[in-house]
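In: here are the coordinates; sequence isn't available:
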Ligand SMILES: Nc1ncnc2c1ncn2[C@@H]1O[C@H](COP(=O)(O)OP(=O)(O)OP(=O)(O)O)[C@@H](O)[C@H]1O
Ligand SMILES: Nc1ncnc2c1ncn2[C@@H]1O[C@H](COP(=O)(O)OP(=O)(O)OP(=O)(O)O)[C@@H](O)[C@H]1O
Ligand SMILES: O[C@@H]1[C@@H](O)[C@@H](O)OC[C@@H]1O
Ligand SMILES: [Mg+2]
Ligand SMILES: [Mg+2]
């Protein structure tokens, strides 16, 4: 191997009460892609924040190109060419691409007056070298997530970075956008940049990385060469045991129709959606990000109103004005963003779980706290949720445990239909597997289940039947042995990918909101 | 869309038109000159408020800061001379801004709380300093300092417009200006990009306090007197003007230029209604209604920036 | 058009074409000011004047703007009830330079501005304060402890009603001790709170109270009633009797005050304004009557309508 | 809290009457008007909104209360006052909840608007209760029950009821939920618009209750009587530690915050400081209290 660019030695980092990193050592070589893996809350992001100057470690040392460094701010790290591309995108939507690329380091004269022309030209050069098809003067807020990510990568170019850290960059990218990203990453690697790549997606890890370092509970488990290991080994390092069976598929027989959707249409989002779901069945809804699946789900659930079409639920035609109506009729939706739509993070598990069904946990409008605690304890055990108690704010929990609360919240009222939108996004393999088990169990109990997922192995692994969606339309239905990756890809790629990932104006504001509320 | 983004000017144009038709005294040179001068005080507060609000913060203490500067400018001139008194007055504004900003940076409290406290407290200081009665200049020639006109435009109005132009330029063409948006838009990413977010905000609070003090000094020159109650609830008018101008309350977007539009619109409404002999209560109701209307229009036009 | 009798001269132009602007202190803030505003509206209408009554809400800067706007409109005369002793002097000067006559009403402006005005009309606040001192001093037989509830600080009426009261007390009743003095800004509710605190602090030590006006005096009486005092147990003396104060004098809660009619006040100001608008000589100061009122003579006065 | 305890101690050393039962009751009675309004506004603040219109609402409602007392008698007048209060709250609630307009600006606009309505209604003049000495209406501001002033009963009673609603009912749960995360609440079937709407209605009702006490206490109303109350109320709520971001806070915290302000004010008056010194102290107390509160949560003093 080549030269070591960045070394972390025996790093320890604690937050009040939590040891996020304990005596972790780690190094990055020039010209490698180094994967960092581990369960949710293992300390990956924390380690990277330490390396990029966001956090100051409690103990340990960092060497950059052989020199001991002491970063007091991200600026120090950036000045040495170390850049972090965040899990949550870290851009200013109101500023232009150029202003974002050089955020905080704009070329100015002595008096702080911007040199706009120089800024424009430098950015253009950086964008060109990445093959970006947008200009430096576009407002970043109007770009798709993938393009926004390109803006972040352009920073790497612009600052001539020698270490780049990607923290779950593909969590919200489409397949083709991911490919674009990988091309960019490979280019960086060729230029001798040291790259850290964090992801929960195994296929990506094996596709792009050279070495893998695994963390568990803040402890280093070891570093291996990617080509020397397989998925099972990595999984074992991550969770400390073997995963017996990764996917679980519902085994019961499908019963009566629970939901039927006819010609559902919402201008600009989706059109002519027709399908049925039966009791005891898991229906997968596969599509690339932006296909419009979430919107369909939200429309069925009454979050938005369709322009036309019918929804027949449990034998009667329904027209929900709001989720309240849907819930009362026995429908549940586990929304795609647990932070924005799924939970009240500042509050405890007890109130979060019972929120949609308060009438079940109260008498004449007065809360029945005892009953609430019962249900809380029940699901805490059932789903093996790690929490200190019913009032612990959910913001303190790891992503996987938070996700289990979203599930508990929607299961506790015994719905007839449950729609799960990306139920395992950003969730580690261990938790993923247990969520899959839960999903299968639901169907076996006789619920009708719809699972929306952008992860092909997941949809195929858990569904009895799969609908493929692209560009706001259903483009295929598969069941049994037809549920193969190849078939799904073919189905969804019949529509031009580029147009499928263009956000509509309405969604732009939505994306905006999502980012704005990120802490 | 252009219309939507520029609707404050449409608003201003309409009110100008309306009052010109309604009152023969409205569109006179003399009245326009008065109007500009009258607008300048809220205007100076609103410029500072715009900077702070682009950062996603708010400064409720500007009215009290104005009163303090006004009191110091008047109260100190007999002992240390006019210009030193003015200097001290301006410094007081900077210091109040510094206190607000520093408390914000150190404590991590929301500026609404910090400056609400300051609004009450600074007013207390003013009352203590003035002994709760109005201070008066000894030499009324002090009030003549501002009686300089460039054509129909008074010195006070010129100072206001000058600062507006300067800060608009600063926002669009300087590093500090771009930082202002970055900080308000996404403070975390700004911080991680190495922008000194706290220091940046402190600077803007200092600027805001100083502009309030400038307004205070100008007011002392206008009135020749410092009332302990001067500038009471002017912070609200300033905020209203800024919002009318379309600056987003959550930060990240705004323009001093359009704030000027907001300030002028308010001034036209007040002046016009007063020339029309409108009873006070109508004036108050109209002001309230206009404000809500502005929000509704904003919403209906779906002007993406001001959510 | 016929000239009214009180004018004492010729009308230069018909009353209906005479344009007068009136800017008041803060009609919303107490009964006296409210009645004054009402009377001004009514009387100008009666005369058929082209008049505007404006409310600056107690804010000198706003009143300054109103004066400027009136100058823009080129009025025939301006009546100013100043919100501040001095802050309006530059504006008054502007008016006088523009040739528009200004008269002040109820409360005079500072010395430096007097040369820019044609006349001042209103009560003699100093005399009123002396009257109050006398009533209170006599009621206490020159002995005891009193507390004072002040009007809005910095306002001429407050200053006069304070200084002249204190001077008289010091000279004529040296054995009366003033325990405390706080402002309640012409506000009845604030006066009540201030008095409650006095009662907590000094308890039964308080023998008398002087409130700068009757509105605040009524707040004081509420507090006394709340503390379980009997009528007359603590002597309450005020300036400028209000309707309820008249009742209070009759039923013994209030010891004395003086009559100051907002109607007379407004009418005198408007008449003076019309005179100056027509170029007729007016005295530099013209006062309205403010007789003493106590239980002895209260029946000789009508109950004030304010 | 600590700073406040020290303040109480020092003040009572210099002004012995300060901590006497009589004075304590007196302070609670004096804060009952602000306190009642603050209880209502607390609901709004927990939903993550503001209500700055309560000051001028108090003025208008007091004027209406007193004026209607003379017209239709105390009982009807009280009903009308409550109704108008709820109505104004409903307008605020409609604009903020259903129209989703910015709360700060909407309630500022309402502040100005209501000032206008008040002047229009009263014609600028003051109103007084005609039979102030005899009406049973005097009970609410001036009466006593079991030696405790009526306003205190009403204030404390309302606090209990409000607290119960907030903490123990589904309605209260909705208020917290909306403040905690509005989108999540909507996805969970909470009728967020209705929740925000009702919070404003409660704020209006609470202000009406305060106006009834105010009217009865003063037996008259000036057009400026409620001026500045919105700030005192907000200061008290903040002092109690309710976050302006929404989703947290309790009625008892508000009661505590408002009482703290009351004691500071009263203490300084007893010590003979002019009223405006209390403003300066309020500033320091607010900053100190909120800062300490934050630091305690965060585990460090500097952010
Ligand atoms: N700012 C913080 N304050 C307190 N605890 C924190 C903070 N940031 C992280 N933690 C805790 O530190 C631990 C490691 O978190 P980290 O974000 O590094 O996990 P991760 O490996 O990136 O997980 P994921 O895969 O879910 O992103 C977790 O227990 C987390 O709760
Ligand atoms: N995370 C995201 N990144 C970029 N665009 C998004 C994202 N989420 C939604 N959009 C935009 O919203 C529109 C519809 O998205 P929707 O969420 O309904 O799709 P989906 O098929 O559910 O995909 P997913 O839920 O996996 O993001 C698309 O045009 C897409 O551009
Ligand atoms: O008595 C005073 C009156 O003369 C006027 O100045 O307004 C305030 C007081 O009521
Ligand atoms: Mg992470
Ligand atoms: Mg989706």
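Out: Cool, got the structure. Keep in mind that this is a model prediction, so the values were computed, not measured. Numbering: from 1, shown residues only, chains lettered A, B, ... in the order given. Ligands and ions are numbered 1, 2, ... in the order given.

In: what comes up buried for stretch A:23-31?
Out: Using 16 or more other Cβ atoms under 10 Å in any protein chain shown as the test for burial, stretch A:23-31 gives A:24, A:26, A:27, A:28, A:29, A:30, A:31. C-beta: built from backbone N, CA, C; applies to glycine.

In: got the phi/psi numbers for the fifth one?
Out: Residue A:29 has phi and psi values of phi -90, psi 160 when expressed as degrees, to the nearest 10.

In: again with the last one
Out: Comment: the main-chain dihedrals of residue A:31 come out as phi 70, psi 30, following degrees, to the nearest 10.

In: look up which residues are beta-bridged to residue A:19.
Out: Per DSSP bridges, the residues bridged to residue A:19 are residue A:14.

In: same question for residue A:61.
Out: With DSSP bridges as the rule, residue A:61 is bridged to residue A:9.

In: ok, it touching residue A:68?
Out: Yes. Assessed by Cβ atoms under 8 Å, residue A:61 is found in contact with residue A:68 at 6.0 Å.

In: that older thread, could the buried residues of stretch A:23-31 be laid out in TSV, adding secondary structure?
Out: Below are these laid out as TSV (DSSP: H, G, I helix; E, B strand; the rest coil):
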residue	secondary structure
A:24	strand
A:26	strand
A:27	strand
A:28	strand
A:29	strand
A:30	coil
A:31	coil
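
In: tabulate those residues in TSV, adding columns for distance to ligand 3.
Out: Compiled in TSV, these are given as follows (distance: Cβ to the nearest ligand atom, whole Å):
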residue	distance to ligand 3
A:24	75
A:26	77
A:27	81
A:28	78
A:29	84
A:30	83
A:31	85
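
In: which one of those is nearest to chain B?
Out: Each of these was scored against chain B by Cβ to the nearest Cβ, and residue A:28 proved nearest at 19.2 Å.

In: just the pLDDT for the residue nearest to that closest one when sequence neighbours are not counted.
Out: Closest residue to residue A:28 apart from its sequence neighbours, by Cβ to Cβ, 6 or more residues apart in numbering or on different chains: residue A:194 at 4.0 Å. The confidence metric pLDDT takes the value 93 at residue A:194.

In: isn't residue A:194 up against residue A:7?
Out: No. When contacts are counted by Cβ under 8 Å, residue A:194 is not listed as touching residue A:7 (10.6 Å).

In: need the overlap of contacts for those two.
Out: The contact sets of residue A:194 and residue A:7 overlap at residue A:28 (Cβ atoms under 8 Å, 6 or more residues apart in numbering or on different chains).

In: for the residue nearest the centre of chain B, pull up the helix or strand it's in.
Out: In chain B, the residue lying closest to the centroid (Cα atoms, centre = their mean) is residue B:45, at 1.6 Å. Using DSSP states H and E, residue B:45 falls within helix B:29-54.

In: what's the next secondary structure element after the helix or strand where residue A:123 lies?
Out: Assigned by DSSP H and E, residue A:123 belongs to helix A:116-130. As assigned by DSSP H and E, the chain's next helix or strand after helix A:116-130 is helix A:145-158.

In: and the pLDDT for residue A:244?
Out: 59.

In: same question for residue C:279.
Out: For residue C:279, pLDDT reads 90.

In: pretty sure it is in contact with residue C:11, am I right?
Out: No. Using Cβ under 8 Å as the test, residue C:279 is too far from residue C:11 to be in contact (10.3 Å).

In: what ranges do the helices span in the stretch 201-303 of chain D?
Out: Counting by DSSP state H, counting those that start in this stretch, the stretch 201-303 of chain D has these helices, from start to end: D:229-240, D:251-270, D:275-298.

In: buried set for the longest one?
Out: Spelled out, it's helix D:275-298. In helix D:275-298, counting by 16+ other Cβ under 10 Å, buried: D:275-283, D:285-294.

In: check whether it comes into contact with ligand 1.
Out: No. Using Cβ under 6 Å from any ligand atom, helix D:275-298 never reaches ligand 1; the gap is at least 10.3 Å.

In: follow-up on the earlier one: what residues does the helix holding residue A:123 touch?
Out: Defining contact as Cβ under 8 Å, 6+ apart, one finds that helix A:116-130 is touched by A:97-99, A:101-102, A:106-107, A:134-137, A:150, A:153-155, A:157-158, A:184, A:187, B:173.

In: so for it, mean pLDDT?
Out: 87.

In: likewise for stretch B:276-291?
Out: In this model, stretch B:276-291 has an average pLDDT of 82.

In: any buried residues in it, and which?
Out: Residues of stretch B:276-291 classed as buried: B:276, B:278-281, B:283-288, B:290-291 (neighbour count, 16+ other Cβ under 10 Å).

In: closest point of the stretch 51-200 of chain C to ligand 5, which residue?
Out: Nearest residue of the stretch 51-200 of chain C to ligand 5: residue C:57, at 54.2 Å (Cβ to the ion).
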